[in-house]
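S.K.: What follows is a predicted protein model with its sequence.
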Amino acid sequence: METFVWVLHLLVSVVLCGLVLVQHGKGADMGAAFGTGSAGSLFGSSGSANFLSRSTAVAATLFFITSLSLT
């Protein structure tokens, strides 16, 4: 069981790092003023931000749960 939690912890940490790196910073919205916005993207203008934020929150919660269970 402990090996399973270690593997899950490793996978969640990699996913969490990836989600954080994919998110746009607060200054990324300035590109919309110059015509480089992502309004036509897959998730719409703010859909990807909501999806990534929720996914990051879920991954962070799983990370904390696995961290506490390994101590």
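M.R.: Sure, I can see it.
S.K.: contacting residues around Ala59?
M.R.: Residues in contact with Ala59, defined by C-beta atoms under 8 Å, 6 or more residues apart in numbering, are 12, 15-16, 19. Any C-beta I mention is one placed from the backbone N, CA and C, and that applies to glycine too.
S.K.: out of those residues, who's nearest Leu62?
M.R.: Nearest to Leu62 out of these is Val12 (C-beta to C-beta; 4.7 Å).
S.K.: I'd like to know which elements whatever helix or strand that closest one lives in is packed against.
M.R.: Applying DSSP states H and E as the criterion places Val12 in helix 2-22. Contacts defined by 3 or more C-beta pairs under 8 Å, 6 or more residues apart in numbering; DSSP states H and E place helix 2-22 against helix 47-70.
S.K.: what's the angle between the helix it packs on and helix 2-22?
M.R.: Computed by axes from the mean of the first three to the mean of the last three C-alpha atoms, to 10 degrees, the angle separating helix 47-70 from helix 2-22 equals 150 degrees.
S.K.: Next, the buried residues of helix 47-70.
M.R.: Within helix 47-70, the residues that count as buried by 16 or more other C-beta atoms under 10 Å are 48-49, 52, 55-56, 59, 62-63, 66.
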